[in-house]
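> Sequence plus the predicted model coming up.
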Amino acid sequence: MKLVVRVKLLPTPVQAAALEATLHACNEAASWVSATGFEAKTTTNRALRDRCYATVKGQWGLGAQAAQHSIKKTADAYTTLRANLKAGNHGRPGTKRYARAAGKPLVFRKDAAQPYDDRMLSWQQSAHTVSIWTTAGRLKGVAFTGRAEQLAVLAAHRQGESDLLHRDGAWYLLATCEIAEAALNTHPVAFLGVDLGIVNIVSTTDGTRHSGRRMNRRRENDRKLRTKLQKQGTKSARRRAKKHAGKEKRRARDINHKISKSIVAAAQRTGRGIALEDLGGIRERVRLRKPQRATLHSWSFHQLGTFIGYKAKRSGVPVVHVNPAYTSQECSKCHHTERKNRPSQAVFTCRVCGFVEHADLNSSHNIAQRGWMAWVCGAQSQAPVLTLIA
C-alpha cells in the first residue's frame, strides 16, 4: 500500500531562493513542452522527449533527470486530461466546457510540484536533512521537520519519488512510502454501518454520532466571510481569502482524520468490517434546497471515505461500499420502506411494525446489513491505494 508523507522543509533564505528558481524553471519548461506537444498533436512521453529534451536542457539549464521529469510530468498531465474527458468530467463533447478543457495546451503554475528521484534527492534521516539538486547546484544540509509518526513512517518505508512543493510561502517534500498491508480479516463477525449526513456528519451502528451542527455554523460563517472578501475584490481581501481557505481545508482534514481513526479503531477492536455508502454521483442524485446544497457539497465526504479506506487497510479491516438508496426510509427491523416512515429529520417511525429509532442510527443499521450481504456475496475491500499523511 502506498502512502504519501508530507514533511516541511526549513531552508535558509539562500536555499529558498535556489529552490524557487529551480521550481520556476522546471514549470516554465513543462509549459513549453506542453505547448509544443499540443501544436504537434503528440503528447506521449517518448514523443515529447524526442522532440523537446535537448531544448529543455539547454534553454532552462535543467539537468538530465530534471529535464526528463519535467517532460514526463507534462505527458502524465495530458494522460489525466484525456481520462477526465473520456469520463465526462469536463462535460460532453461539443459543449463549451469540454472545448475549454481540450482546446488549449495545459499550462503549469510556476509553483506547481516537481518530481525528484533518488539521483536528485537524498535523505539523511538521522540528521533530518536532505541533499537536493537545484539549477544553482546541489544544496546540502537542507533541514526538514514533521510529526514524530510521520518521520517514523518516512524512515522505515520511503521508496520511490518525492515531489517538491511550494505553497503559501512554505516548502514541502511529498515522499512516497510503501507500507505492507495488515492481514485482512476474512471472517468479520459483523459490519459497522456508517451513515453520512448533514446534521450528523457520521452516525454508526454503535450509536456514535459526530454532530455537524457546530461545524455547519462555522462553515456558514466561513462562506459569509468568503463572499464578503470576494465582493471587496482588493489585493488584501484576496490575500486574506486565500489564507482563510487554507485554514478551512486544514480544519476539515483534521476532523476527517479524527473521525476515520475512531471508526477504524472501533471496527478493529470488535472484529467487524466497515460498510460505507457508495457516494458516486451524489451531487446528481440528491435533491436539496439551495442552502442545504452548499452544506452537502462543501464537506469532503470523499476525503473521509479515503481516510477510512487507507486506515482500514493498515489495520486489516475489510471495507465494502453499498448502495445507500432508501436507507433512510427502510425499517431496519421489518424492512418496510416508505417515505412516511421518516416524519422528521431526526425521527424514524415504522408505519408497519411501529419500530422507533433515531433516523440516522436506523440508516446505519440498514447500511451495516447491506454491507454484510455484499461481503457474503464476495465483495472485497475498495480502499484507495494512495493517500496523504499531512
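Now that the structure is in, tell me what you want to look at. Numbers count the residues shown, from 1 in each chain.
> can you pull out the helices in the chain?
Applying DSSP state H to the chain gives helices spanning 13-40, 45-60, 64-87, 96-102, 148-157, 213-232, 235-270, 282-285, 290-298, 301-315, 359-376.
> What distance do you get for R82 to P93?
13 Å (CB to CB, to the nearest Å). Placement of C-beta: from N, CA and C, glycine included.
> Please determine how far V356 is located from A237.
Distance from V356 to A237, by CB to CB: 50 Å.
> The two: which is more packed in?
Between V356 and A237, counting by other CB atoms under 10 Å, A237 is the more crowded of the two (14 against 10).
> can you list the domains in this structure?
Following automatic domain parsing, one finds the domains of the chain at 12-113, 115-178, 191-213+246-389.
> Turn these into a markdown table, including distance to Q232.
Shown next, in a markdown table, are the domains of the chain (distance: least, CB to CB, whole Å):
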| stretch | distance to Q232 |
| --- | --- |
| domain 12-113 | 24 |
| domain 115-178 | 20 |
| domain 191-213+246-389 | 18 |
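> what mean pLDDT does stretch 82-95 have?
The average pLDDT within stretch 82-95 is 91.
> now swap in stretch 265-272 and tell me
Rounded to a whole number, the mean pLDDT of stretch 265-272 is 96.
> Check stretch 113-128 too.
What stretch 113-128 shows for mean pLDDT is 96.
> So for the residue nearest to the spatial centre of the chain, what's the pLDDT?
Centrality entry for the chain: nearest residue to the mean C-alpha point is Q303, 5.3 Å, by CA atoms, centre = their mean. In this model, Q303 is scored at 86, pLDDT.
> For it, give its distance to G94.
33 Å.
> swap in V153?
Separation of V153 from G94 (CB to CB): 47 Å.
> Tell me which of the two has more neighbours.
V153 (18 against 7).
> The nearest residue to E338 once chain neighbours are set aside and G309, how far apart?
Among residues not flanking E338 along the chain, R351 sits closest, at 5.6 Å (CB to CB, 6 or more residues apart in numbering). Distance of R351 to G309, computed by CB to CB: 36 Å.
> which of the two has more neighbours?
Shown here are R351 and G309; by other CB under 10 Å, G309 has more neighbours (23 against 13).
> my guess is that one contacts V319, does it?
Yes - G309 is in contact with V319 according to CB atoms under 8 Å; the separation is 5.8 Å.
> So R49 is in contact with I71, correct?
Yes - when contacts are counted by CB under 8 Å, R49 is listed as touching I71 (5.2 Å).
> more neighbours, the two?
Neighbour comparison, R49 and I71: the larger count goes to I71, with 26 against 17 (by other CB under 10 Å).
> Which pLDDT value belongs to the more buried one?
I71 carries a pLDDT score of 97 in this model.
> Could I get the contacting residues of it?
Contacts here follow CB atoms under 8 Å, 6 or more residues apart in numbering; on that basis I71 touches A30, V33, N45, L48, R49, C52, Y53, V56.
> What of R46?
R46 sits next to no residue when contact means CB under 8 Å, 6+ apart.
> how much space is there between it and D254?
Distance check for R46 against D254: by CB to CB, it reads 43 Å.
> returning to that earlier point: any idea how far the residue nearest to the centre of the chain is from Y310?
11 Å.
> just Y116 next, same as before
Relative to Y310, Y116 is positioned 24 Å away (CB to CB).
> Please apply the same query to A252.
Distance from A252 to Y310, by CB to CB: 17 Å.
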